[in-house]
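Colleague: predicted model follows, preceded by the sequence.
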Amino acid sequence: MEEILIALLERIEQKVTGLSLIDEDAGQIDLLDSEQDGYPVTFPCVLVGNADINWSDVGLGVQKGDVQMTVRLAIDCYDDTHIGSGTTEKIRERQQLSTEVYKALQGFRLNRMMGPMMRVKSRDYTLPGNVKVYEKVFKFYYHDESARQDNPLHP
């Protein structure tokens, strides 16, 4: 699975402009409102991770996983965007960036072991400190042969 995660980060880097940080999601933005020192985060950023996988046996040590992967775009929102402020265009810019992230991953397939990514859920929410998060959950299958019995790399 690590090769998929790295490929997703690289895909986002290639397809989406204007991002300050692209990384594995290790809860970096979840610590923004706490007293704990966390990994420094710059905005806008995309964090990928939190895989939820249901595995089924194919046979001879081969498994197929139905994967759900979460992608979070976080943007600091310091502009006052109320009607009459003259900065409502910032709302459109944030939404367009979220759409770019979606389009970069929708249908993406790394190799024959992975099915195409399909968005199955999206939501947005705010965090303390004027941070807006656009979250998308993608689903795909992953065919894992790493424990295949006739695999020379498997003891």
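Modeller: Thanks, I have the structure now. Numbering: from 1, shown residues only.
Colleague: next one: Leu110 from Asn50, what distance?
Modeller: 18 Å (C-beta to C-beta, to the nearest Å). To be clear about C-beta, it is placed using only N, CA and C from the backbone, and glycine gets the same treatment.
Colleague: what do you get for Phe43?
Modeller: Counting by C-beta to C-beta, the gap from Phe43 to Asn50 is 20 Å.
Colleague: kindly report the same for Ser20.
Modeller: If you go by C-beta to C-beta, the gap between Ser20 and Asn50 works out to 21 Å.
Colleague: which one of these two has more residues nearby?
Modeller: Asn50 (16 against 13; other C-beta atoms under 10 Å).
Colleague: what's near enough to touch Gln14?
Modeller: For Gln14, the contact set (C-beta atoms under 8 Å, 6 or more residues apart in numbering) comprises Ala104.
Colleague: isn't there a strand covering it?
Modeller: No: Gln14: not assigned to a strand; according to DSSP: H, G, I helix; E, B strand; the rest coil it is helix.
Colleague: how confident is the prediction for it, by pLDDT?
Modeller: Gln14 is assigned 98 on the pLDDT scale.
Colleague: partners of the helix or strand Trp55 falls within, with directions?
Modeller: With elements taken from DSSP states H and E, the one containing Trp55 is strand 45-59. Strands that pair with strand 45-59, judged by DSSP bridges, come out as strand 21-24 (parallel), strand 62-76 (antiparallel).
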